[in-house]
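S.K.: Below: sequence and its predicted model.
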Amino acid sequence: MLPLAPKSRNNTFMPKLVKPANSERAAAAVTILGNLGKASLIAYLRRNPNAGRKAISEAIEVPAPTLVRYLRELEEADVLIANPPKSNRKQGEWPVYRVNNVAVTELYLKLGQELGEI
């Protein structure tokens, strides 16, 4: 059973989350590619590989805290490659980022398959 949100204006309960059957195959693709901010970040880095946080933030006009979250999530999902990688980063060291094109293509194909386009 879905968790219920508080009553709406018409005094009915609405589910907080809708998760159709078999949707887990496309979940990662929708989470990443379905977010306009993350999609803009990926598009920018495809055109401007090896960019740092400041350049990215200014180019796509995303607040720094949001950008840091997006970068962390996309790096953990292997969609972005940081140099130096998080495991080798020293405190105060600013990485540059580029897109893992293979991972993005795989996500795009998964989404296309779920939509029946491929």
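M.R.: Structure's in. What do you need?
S.K.: helix, strand or coil for residue 93?
M.R.: What DSSP: H, G, I helix; E, B strand; the rest coil gives for residue 93 is coil.
S.K.: Check whether it really touches residue 84, as I assumed.
M.R.: Yes. Under the criterion of CB atoms under 8 Å, residue 93 makes contact with residue 84 at 6.6 Å. Where you see a C-beta, it was placed from the backbone N, CA and C, and this is true even at glycine.
S.K.: What strand or helix carries residue 107?
M.R.: Taking DSSP states H and E as the definition, residue 107 sits inside helix 101-114.
S.K.: still on that earlier bit, which one of residue 93 and residue 84 is surrounded by more residues?
M.R.: Taking other CB atoms under 10 Å, residue 93 and residue 84 do not tie; residue 84 has more neighbours (12 against 8).
S.K.: With the flanking residues excluded, which residue is spatially nearest to that one?
M.R.: Distances taken as CB to CB, 6 or more residues apart in numbering place residue 95 nearest to residue 84, at 5.9 Å, with adjacent residues excluded.
S.K.: do you know how far the one you found is from residue 79?
M.R.: Distance from residue 95 to residue 79, counting by CB to CB, to the nearest Å: 15 Å.
S.K.: Over to residue 62?
M.R.: Applying CB to CB to residue 62 and residue 79 gives a distance of 16 Å.
S.K.: One more: residue 94?
M.R.: From residue 94 to residue 79 the distance is 19 Å (CB to CB).
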